[in-house]
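> Based on what follows, work out the 3D shape:
(one chain, ligands or ions: 2)
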Amino acid sequence: MNRARLLVFNAALGPLDYRVPEGMAVEPGSVVVAPLGPRQIVGIVWERERLPGSEVPDSRLRPLAEVLPVRPLAPPLRRLIEWTADYYCAPLAAVARMALASGAALRGGGTTTEYRLSGREPERMTPQRAAALDALVDEQATIRELAERASVSEGVLRGMVNTGLLEPVVVDLDRPYPRARPDFAKPLLSEAQGAAAAVLENSVRARMFAPFLLDGVTGSGKTECYFEAVAAALDEGRQVLVLLPEIALTEHFLRRFADRFGTAPVLWHSSLKSTERRRAWRAIADGGAQVVVGARSALFLPYADLGLIVVDEAHETSFKQDDGVRYNARDVAVIRARFESIPVILASATPALESLHLAANGTYTKLDLPDRFGGAQLPDVRIVDLCTDQPERGRWLAPPLVAGMRERLARGEQSLLFLNRRGYAPLTLCRHCGYRFQCPNCSAWLVEHRLSRRLACHHCGHQVPVPEACPECATPDCLVACGPGVERIADEVAELMPEARVAMVTSDTLSSPGKVAEFVEMAESGAIDVIVGTQLVTKGYHFPQLTLVGVVDADLGLEGGDLRAAERTYQQVAQVGGRAGRGEKPGEVMIQTRHPETAVIAALAAYDRDAFYAAETEARRDAGAPPFGRWAAIIVSSEDEAEAREAARALGGTRPNLPDVDVLGPAPAPMALLRGRHRYRLLVLARRSAELQRIIREWLGGLDFPPGIRIAVDIDPYSFM
Ligand code: ADP
Ligand code: ZN
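Ligands and ions are numbered 1, 2, ... in the order given. Modelled structure (predicted):
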């Protein structure tokens, strides 16, 4: 090859052609450095026919500067990047960038200097130093990262280096990870587990594409089961990727993994330190990382020899990314497995309707674990009708639930209350004039957080201290909290049962892996009587003493009424209910609702998942909704409301006129203002026969918008805000 066409990571630039200098070897997938004007840029060599560009004569080409010391991206990964860009209508470069997630890693090798506390006593103490000494116990990182963790300036830390309070440590950037051992602690599987595990193991060894839906009730031991497939891949010397929906779950997972394989897996998520990120990336690319556990971004990494992908809690909506490249990691995982010719396992107790549909039509092989492991029974479900069993005035927990919690406390067992709302109250208003606190940047109320004494927007992060007086009418002490959040429920529990030890579990309280570990430890050792939490507590955890789960408001998720509202409610309640009675003692779930007759509540009470999904499936079929039709959302936004409206109208005016495509809108989005941008939505409903992506690309490509306009295309949308 004496010419190379590069994919470069600059949205404004198309592909660029370069000359390959004498003696330099490049191939498709090579990661290279090239001159661009006075600068040097990183690019990936791509097939010319797949990256069309203008033909520049050889004589005018500049030479590539350097080939970086990393393995070229393999064809299956390059095809995955192209597929993802194509399917989600995203720029190729934006997808490719996810594969090279660590810029530093591309150079590789060498050492870096990190710092840690030396243990020496300071001669001169300042408040900043005291804060740093406190915050940095057991931490070791670069000065910049330590400064961030301790919330002090880098200057303060440099001063501490000079006075010997922090000591340098030289770290080998590429030191290998400890080896996982497939036979370290093999469990004795139940019959159903053994049967499913055998199918999965065989499939790993067969090295062919095979998608599985591992469908097992909560507590059935799905993890143990797919660990056998992981063991088979390790045995074959191949790599495994396990995708988890939330970092909060990894702590628990890591422990179970280490118990089974003798060492921790390699972690990948957005809050890794830069050195950890770089080390992980290089080990992934050279094969040293045997098992990678990560958030959705781990999906695009350049594994040297991937042998298996597992998507755990595969129904979780957090696999859908809602900014940048709007992809669904669950679906892309299946595509990657297809390109790599390997099996992929989607594990869930409450699979997405789409996944069940694909299993029913034979696309996925369904493996069932119908019973809890070790003979534990599924919990009894009891519906608490809030219209007849009313909580006391100003309270949210109905008498039967309170009585149930009191019984558990007396017996030394645990209760868990679930409410998917952070903070104290979702709305604050002035008793005197009716003023409501609203976010200036978003169409949303400010949520009171009593612990931090702030009113906060959960969409953009805007926050203000809770004022003494109403900002509108200046009446002092007149603000009232409307409705409950978890903080308010925790307060109610403390008032009802002052002797109970209450723990609150939200993204505000479990903000680091250390805090998650601490919580799990306390819950397991019985140091907590009542857990009050958001969706963070609904899945993954296994606390044997937990025998009562109370769902504070099962109707909450049904309010918005989007496509998946009922399905999501079913999943959340079934998942959180699944935390009850996992040990020897039987569990009970109490579901508070004002609408016990709703199909989803009735199905939960009767454990009739099949009937619920069958009815949902028919409703979707009638509506031509996914998986029977294909939907796409187009969001037009601008800081200027008139500009956004105008652009949305222009887009609506040129809508495609095709028999198998309907376009709804434009209409102001439910979140008409988000982070200071005014938003309009269009929804494209297509029959499966329509070439949705091509239609959208041609439609949008034919229009020119002012620079202040942003157009986001969301294929298979999950958010309808
Ligand atoms: P699920 O993910 O299906 O809800 P888990 O994988 O968390 O279920 O398993 C539930 C509990 O049962 C866990 O504590 C797990 O360690 C235990 N368990 C499951 N299978 C086995 C087995 N074969 N041998 C020993 N313990 C098991
Ligand atoms: Zn806001």
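> Please give me every residue in contact with whatever residue of the stretch 551-700 of the chain ends up closest to ligand 2.
Closest residue of the stretch 551-700 of the chain to ligand 2, Cβ to the ion: residue 675 (6.5 Å). C-betas here are computed from N, CA, C, even on glycine. Residue 675 makes contact with 441, 442, 459, 460, according to Cβ atoms under 8 Å, 6 or more residues apart in numbering.
> same thing but 6 Å
Residue 675 makes contact with 441, 460, according to Cβ atoms under 6 Å, 6 or more residues apart in numbering.
> Need the phi and psi values for it.
Here is the backbone geometry of residue 675 (degrees, to the nearest 10): phi 50, psi 40.
> And the pLDDT at it?
For residue 675, the pLDDT comes out at 95.
> Next, the residue nearest to the spatial centre of the chain: secondary structure please.
The residue lying closest to the centre of the chain (Cα atoms, centre = their mean) is residue 318, at 3.8 Å. The assignment at residue 318 comes out as helix when based on DSSP: H, G, I helix; E, B strand; the rest coil.
> so it sits right up against residue 243, yeah?
No - contact criterion Cβ atoms under 6 Å: residue 318 and residue 243 do not qualify, at 10.4 Å.
> contacting residues for residue 542?
Counting by Cβ under 6 Å, 6+ apart, residue 542 makes contact with residue 582.
> how about a cut-off of 8 Å?
Contacts of residue 542 were listed using Cβ under 8 Å, 6+ apart, and they are 219, 252, 579, 582.
> So which of those wins on neighbours?
Sorting the contacts of residue 542 by how many neighbours each has (other Cβ atoms under 10 Å) puts residue 579 first, at 28 neighbours.
> close enough to count as contact, that residue and residue 533?
No - using Cβ atoms under 8 Å, residue 579 makes no contact with residue 533, being 9.9 Å away.
> Mind listing the shared neighbours of the two?
Looking at what touches both residue 579 and residue 533 (by Cβ under 8 Å, 6+ apart), the common residues are residue 416.
> these two touch, right, residue 481 and residue 431?
No - Residue 481 lies out of contact with residue 431 (Cβ under 8 Å); the separation is 10.8 Å.
> out of the two, which sits in the more crowded spot?
Using other Cβ under 10 Å as the criterion, residue 481 and residue 431 rank with residue 481 on top: 19 against 12.
> Roughly how far does that one sit from residue 494?
Counting by Cβ to Cβ, to the nearest Å, the gap from residue 481 to residue 494 is 16 Å.
> Check residue 133 too.
Residue 133 is 33 Å from residue 494, where distance means Cβ to Cβ.
> and if you look at residue 111?
Counting by Cβ to Cβ, the gap from residue 111 to residue 494 is 51 Å.
> more crowded one of those two?
Comparing residue 111 with residue 494 by other Cβ under 10 Å, the one with more neighbours is residue 494, at 15 against 12.
> surely the more buried one meets residue 502?
Yes - between residue 494 and residue 502 there is a contact under Cβ under 8 Å: 5.8 Å.
> Distance of the closest residue to residue 690 other than its chain neighbours relative to ligand 1?
Spatial nearest neighbour of residue 690, chain neighbours left out: residue 660 (4.3 Å); criterion: Cβ to Cβ, 6 or more residues apart in numbering. Distance, residue 660 to ligand 1, using Cβ to the nearest ligand atom, to the nearest Å: 41 Å.
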